[in-house]
Structures are given as C-alpha cells and as structure tokens.
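Q: structure, please.
(2 chains)
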Amino acid sequence: MAGILQQTAAQSVASRDSLTIEIVPRVGEKKWTPQATYTNASGEAFSIDKCLFYLSNFAVQSSSGKWFPIRDSYFLANILDSSSLQIRLPILSSDIVNIRFLLGVDSTKNVSGIQSGVLDPARGMFWTWNTGYVMAKMEGSSPVSPMPGKKFTYHVGGFAGEQNVAKFIQLAIDIKSIEQHHILLAADLLSWFNGASSLSIAANPICHVPGKLANQIANNYQFQFRVIQ
Amino acid sequence: MIVLSGIAWVQTDNWWGPLHPVKFNTPKGWPAPVYDFSANPLTKEGIALGKQLFYDGILSKDGMVSCGTCHQSFGGFATYDHSLSHGIENRFSTRNAPGIVNMAWQKNFMWDGGILHLDLQPLAPITAENEMGETLDSVLHKLNTHADYRKKFQQAFGVKKITTLELGKAISQFVLILVSNNSKYDRVMRGDDKFILPEQLGYEMFQQKCITCHPPPFFTDFSFRNAGLAEDEVLQDKGRMRITGKTADSLHFKVPSLRNVALSFPYGHDGRWATLRNVFEHYRSKQTRPLGTDSLLKNGIPLSNYEIGQLTAFLYTLTDSTLITNPAFLPEELNRLQKQERDIHQNKRD
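A: Modelled structure (predicted):
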C-alpha cells in the first residue's frame, strides 16, 4: 500500500498524481446560475447569490477495506469561484472504492486558536463572538422574505455537543472515475430547503447562530452530494 | 568592508531573527497557565509588536479606537469610569469591559465565555460594528502596506505577508504578560507585608461569604453564574445562554476577577453598579431574586454596614500598583512624556 498517499494535500497539482473531485453546484437537476429563480418544497420562489461550504478530513478506502486518512485536507468550496470547486487530493492509487469527508470543520480546529489558509478567519467563515466556524453558508433573495432587500441568509455552524452540525459524508466511487483521476460530484443546493424538515424562507429567513434551526438545515443539506461520474 | 556587508545582510528582505526569547514566569503557588506557549513562544520582538498594536488605532475603522481605549492601564486594563465601553463614532458596546489581567490562566473569554482562545479575542472587537468597526481584510491590508509593521512582523514571526494568525499571536504576546500578582494582598500572603485591622477582618469575612465564587489567586472560579441581577430591558442580554442555547444558562455571566477591583468601576456585566457600595447593596438586598439565581445568593448575603466597610478595605488590597505603573505595560507616548517630565526636574536641580 506504500505510495497510495502523499504527505499533504497542499502540494500536488498535476492531475496524474492526484485525484480531482469537481463539485458541480446544482439546484434540483439544473445547473445553478446566479440569475435563475428556483422553487423550494414550500412553494417559495428564490435565487441564490452565494454559497460556500467547508469539506475536510478526507479519507479513502481501498478494496481491502482499509481507510487512508489524508492529512491536513481542508477545502472551502465557493460556488462563485470555480477553482475552489476543484478539490485535489494527493492520491496515486486507483484502488479506491469509497471516499469519506466531513462537511464542515472538525471540533479540534474550532478550538485551537487562529488557523491559516482556507481556515483563516479572514475568509469570513468564522464567528468571532461565539468562536467557531460557519461550516456552510447560503445567501440569496426571495419575494417571500420579510427581511430588508428580500434577503435570506443561512450561516450554519456549531461544533459542540448537540449543536454540532459537521456531518460525515461517505460516497461510493466507481472504477471509471478513479481511472480518470476525476470525480464529478453534484451538490444539489435545493436540498438545503427540502428534506426531513422543509425550510421555509418566509418563516425562517435568517440563521446566524448554532442551535435548532442550524441543525435542521444541516440535516437537510447533508444529502446534497451525488457522484455523477 | 565586513561591517558594510553586515549591514547589507541585516537590510535584506528575508532577515529573520535572532529572536530574544522571553520566559513566562508563573507566580509561586499559582497553577500552570492554560495558554499553550509552545504554539506562540514569547519573544521580546513579539511582545513589543503586540504592545504597539494594542495601543494603535490602526485596528479600528476611524483610526481612533485601540484596544487601550477600552482596556486602560489606569483602570486595571478595564474601562475606567464608563459603564459601557465607547467604540468608534461614540457607539457603545453592550457590556462593561473587564480588566484583562492574568489572561494566560483563562480557558474562555468574554462575560459569556463565547471566545475559546486568547488569540481569537482581538477579532471580536475589531469586527464589532459598535467597537472598532473594521473587517479583517481591511486591517490586514493596512498592516501589510505599513512598512514599519511589515518589518516588525517579519522580525517577530518570519512572515512576509501578515495574516490573521500572526496578528492574533502578536497581540496575545502583549496581553499575556499583563500578570497581576503584586497587590498588597499578594505581599501579605508572601509574608512581606501586613494587613491593617479592617483589612484583616474583611479578609476573614471574604473567606466566609465570597470565596466559593471568587477564590484566590484569580478571585474567580471562572464559572458562569446567575448572581440575581434582573435582566436589563433594553440590552436583553441573556449571557451564557446566547452561547449554549440552554435556558438553564439564562442570565449566567462569568464570575469576574476582583483583582484591581478598586480601579475597575463601574461594576457588573453591564456596568450597572457605579460603586462597590452598590454591589454590596445588591448582595444584601432581601428582595426576591429572579428565577435561576445561584443557590448561594438566593436569600442574599447578610452584610452589616460595618462588614461592608471591612470587605471594602480588603478589596482595596487587591490593587496592584506595579501593574498600572510598569512602563513595559504603558503606551510608549506616556512613557516618553513621563521621562520628559523627569528630565525637566533633573534640569531644574542642575
């Protein structure tokens, strides 16, 4: 198994010695665009201007069943920045059947002082008054929103105990995409609104604190990913 | 020739070090600090840089407000004589600034414990609209385009580009050295001084009535408690509950340290008590307390006027005059001014 991983995620750039996961932001079956208007399960029209989320603590599983964690793997996906949607992992082997990551940032990094790179609080994904990461953020507008400018803002965070919204995601990988060192991963942003408890913009236009609403949204959006190729 | 090339070497862009390490001294009998110094080793350079930042308005939007505006040396590094600290454009913060001494022993910060690491603490006032009103990006930009700061950050941390990480570490280095352990109380405990009678009586009473929540050496147990203050209708500050989301934590605030309490008036999380007398009146009042008041305070603390006088005398022994006069802690302008004054006197004598 030697050589399956390189030391850190930061280094490798050439596609042949890395596995690229490309995130494709969608809303339902359609590709997301900033101008488009969509409708959620509560029948509310809305558009999305901004959406970012952390992906971290990647690990891959070989066909023998063994998991290989990828050290220091922290990424911030931003739907407005296509390069941030290309996640390169230092994986050389083609013997990979499953991939796992945390949608969010682990509690250790939440309590260990100031971090750098994508975890730098200056990235705007950090609460300074109740310190911890905003694991995922969506902002947009909807005619039903009671807020100024018809905005809605969902800043979903919390890492301690019941407030923890970081979710482990595990996905099966097919052999074809591994051979091409390229996985296309759809992120369905509609899932934020539709799920175990549907999110109504009229009723809840804002989420800015850890707690019940943040947990509900995270429980919904944890199902946003689907491997499409 | 040798000298010249030496200078040239010093002036190159990537000059770093040698740094001058500074040892953090834990006062005798105190527990080990909580702060992880191995992740941010103190150096002369780091502390000096932290101090410069602490007293520099560059961290605020209007250039007028520094950390030192609200954490004043002569107020025991709390805000002297203001219930709610002033921020930019005369806006008020919603809480009373605590004295920031002995921070190396604290696990979490703010009256509600919402901040979990000292390095992160500066980010809250810098970005709060009613305090320094800045964004991190803008502050970092100002620092990165400031030749003097760039040089000093490079010297202290070996970085060409200043990021949040180094900003937080630098400020922490200065805040960490604000250790207060040189009050009369400390000298008495060390056997170097003696209480006068009222102080001694106050000390004994303190052991009976206050020590559970305000134990030495920090004069706080760092717990969050409801001291029976009615909620302020305007501020509607729920304290610890804002962080945990638990109703049981409603109106719980961190037990404040009583070190330098004679200087840090007004008192209470929102500064509602102007004087120590007001605090004692609160403790001894027999009126019914709000639901959730700490069981130790449910029925108030019986205190006679005599006892109040003695407790006050004891609390005054917690003032650390070396903390508020140590040039290492004071703004450089003040040090220069005081030096000038001394020089004038010398001239006169000459």
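
Q: only C-alpha atoms from now on, for both contacts and neighbour counts.
A: OK.

Q: B:Ile243 versus B:Thr164, what's the distance?
A: Relative to B:Ile243, B:Thr164 is positioned 23 Å away (C-alpha to C-alpha, to the nearest Å).

Q: more neighbours: which of the two?
A: Comparing B:Thr164 with B:Ile243 by other C-alpha atoms under 10 Å in any protein chain shown, the one with more neighbours is B:Thr164, at 24 against 21.

Q: tell me the buried residues in stretch B:33-51?
A: B:33, B:35, B:40, B:42-51 (16 or more other C-alpha atoms under 10 Å in any protein chain shown).

Q: in helices only, show me the residues you listed.
A: In helices, defined here by DSSP state H, the members of the buried residues of stretch B:33-51 are B:Lys44, B:Glu45, B:Gly46, B:Ile47, B:Ala48, B:Leu49, B:Gly50, B:Lys51.

Q: A:Ala36: which of these is nearest?
A: Out of these, the one with the shortest distance to A:Ala36 is B:Gly50. That distance is 48.4 Å, counting by C-alpha to C-alpha.

Q: quick check: that closest one touching B:Gln173?
A: Yes - B:Gly50 is in contact with B:Gln173 according to C-alpha atoms under 8 Å; the separation is 6.0 Å.

Q: next, the contact list for whichever residue of the stretch 51-200 of chain B sits closest to chain A, please.
A: In the stretch 51-200 of chain B, the residue found nearest to chain A is B:Gly114; the distance is 4.2 Å by C-alpha to the nearest C-alpha. Residues counted as contacts of B:Gly114 (C-alpha atoms under 8 Å, 6 or more residues apart in numbering or on different chains) are A:Trp129, A:Asn130, A:Thr131, B:Asn108, B:Arg240, B:Ile243.

Q: show me how to select, in ChimeraX, the buried members of the residues you listed.
A: When burial is assessed using 16+ other C-alpha under 10 Å, the buried subset of the contacts of B:Gly114 is captured in ChimeraX by this command:
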select /A:129,130,131 /B:108,240,243
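
Q: and the contacts of B:Gly114, which two are the farthest apart?
A: Within those (distances taken as C-alpha to C-alpha), the two that end up farthest apart are A:Thr131 and B:Arg240, at 13.4 Å.

Q: now do the helices in the chain.
A: Assuming you mean chain A. So, for chain A - with DSSP H - the helices run A:107-111, A:175-179, A:212-221.

Q: meant chain B actually
A: Using DSSP H, helices in chain B cover B:2-11, B:44-54, B:67-70, B:123-127, B:136-144, B:147-157, B:164-176, B:184-189, B:197-209, B:241-244, B:276-284, B:305-316, B:321-325, B:332-349.

Q: of all those, which one comes closest to A:Ala218?
A: Within the helices of chain B, the stretch nearest A:Ala218 is helix B:241-244; the backing value is 18.1 Å (C-alpha to C-alpha).

Q: for that closest one, packing partners?
A: In this structure, helix B:241-244 packs against no helix or strand, with contacts taken as 3 or more C-alpha pairs under 8 Å, 6 or more residues apart in numbering or on different chains; DSSP states H and E.

Q: quick one: that helix to chain centroid distance?
A: Remark: helix B:241-244 is offset 22 Å from the chain centroid, using C-alpha atoms, centre = their mean, to the nearest Å.

Q: C-alpha coordinates for that helix, CSV please?
A: Taking C-alpha atoms only, helix B:241-244 is exported to CSV below (Å, rounded to 0.1, in the frame of the first residue of the first chain):
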residue,chain,number,x,y,z
MET,B,241,-27.4,31.2,27.2
ARG,B,242,-26.5,33.0,24.0
ILE,B,243,-23.6,30.6,23.6
THR,B,244,-25.0,27.3,24.8
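
Q: what's that helix in contact with?
A: With C-alpha under 8 Å, 6+ apart as the contact definition, helix B:241-244 has outside contacts at A:Asn130, B:Asp112, B:Gly113, B:Gly114, B:Thr247, B:Ala248, B:Asp249, B:Ser250, B:Leu251, B:His252.

Q: and for stretch B:273-282?
A: Identification of contacts with stretch B:273-282 by C-alpha under 8 Å, 6+ apart yields B:Ser83, B:Phe265, B:Pro266, B:Tyr267, B:Gly300, B:Leu303, B:Ile308, B:Thr312.

Q: most neighbours of all the residues you listed, which one?
A: Neighbour counts for the contacts of stretch B:273-282, by other C-alpha under 10 Å, peak at B:Pro266, which reaches 26 neighbours.

Q: in chain A, where's the longest strand?
A: When chain A is parsed with DSSP state E, its longest strand is strand A:45-61.

Q: tell me the confidence at B:Gly76?
A: The score at B:Gly76 is 82. That number is its pLDDT.

Q: now the contacts of helix B:241-244 in CSV, with pLDDT and distance to B:Met64?
A: Listed next are the contacts of helix B:241-244 as CSV, based on pLDDT from 0 to 100; distance: C-alpha to C-alpha, whole Å:
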residue, pLDDT, distance to B:Met64
A:Asn130, 88, 26
B:Asp112, 94, 27
B:Gly113, 95, 27
B:Gly114, 93, 26
B:Thr247, 91, 39
B:Ala248, 92, 40
B:Asp249, 93, 36
B:Ser250, 92, 35
B:Leu251, 93, 33
B:His252, 95, 33
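
Q: okay, now residue 25: neighbour count?
A: By default, I'm working from chain A. Should you count by other C-alpha under 10 Å, A:Pro25 turns out to have 24 residues around it.

Q: you answered for a different chain; I wanted chain B.
A: 10.

Q: for the chain, what helix or strand is lowest in average pLDDT?
A: If you meant another chain, say so; for now it's chain A. Scoring the helices and strands of chain A by mean pLDDT, DSSP states H and E places helix A:175-179 at the bottom, with a mean of 78.

Q: buried residues in that one?
A: Judged by neighbour count (16+ other C-alpha under 10 Å), helix A:175-179 contains these buried residues: A:Ser177, A:Ile178.

Q: tell me what it is packed against?
A: Using 3+ C-alpha pairs under 8 Å, 6+ apart as the contact criterion, no secondary-structure element is in contact with helix A:175-179.

Q: who are the contact partners of residue 22?
A: Reading this off chain A. If a contact means C-alpha under 8 Å, 6+ apart, then A:Glu22 has A:Leu85, A:Gln86, A:Ile87, A:His182, A:Ile183, A:Leu184, A:Leu185 as its contacts.

Q: chain B was what I was after
A: Each residue near B:Val22 by C-alpha under 8 Å, 6+ apart is listed here: B:Pro41, B:Leu42, B:Thr43, B:Lys44.

Q: so what pLDDT did the last one get?
A: It stands for B:Lys44. For B:Lys44, the pLDDT comes out at 95.

Q: likewise for the first one?
A: B:Pro41 carries a pLDDT score of 96 in this model.

Q: of the contacts of B:Val22, closest to chain A?
A: Within the contacts of B:Val22, proximity to chain A (C-alpha to the nearest C-alpha) peaks at B:Pro41, which comes in at 14.2 Å.

Q: tell me the contacts of the closest one?
A: Neighbouring residues of B:Pro41 by C-alpha under 8 Å, 6+ apart: B:Pro21, B:Val22.

Q: so where's chain A shaky on pLDDT?
A: Applying pLDDT under 70 to chain A picks out residues A:1-16.

Q: just give the nearest non-adjacent residue to the closest residue to chain B within it, would you?
A: Across chain A, the shortest distance to chain B (C-alpha to the nearest C-alpha) belongs to A:Asn130, at 4.2 Å. With sequence-adjacent residues excluded and distances taken as C-alpha to C-alpha, 6 or more residues apart in numbering or on different chains, A:Asn130 is closest to B:Gly114, at 4.2 Å.

Q: what about that neighbour, distance to B:Ala124?
A: Using C-alpha to C-alpha, one gets 10 Å for the distance from B:Gly114 to B:Ala124.

Q: ditto for B:Thr212
A: When C-alpha to C-alpha is the yardstick, B:Thr212 and B:Ala124 sit 31 Å from each other.

Q: the residue nearest the centre of chain A: what's it in contact with?
A: The geometric centre of chain A, computed from its C-alpha atoms, lies nearest to A:Phe53 (C-alpha atoms, centre = their mean), at 4.0 Å. Each residue near A:Phe53 by C-alpha under 8 Å, 6+ apart is listed here: A:Leu76, A:Ala77, A:Asn78, A:Leu103, A:Gly104, A:Met135, A:Ala136, A:Lys137.
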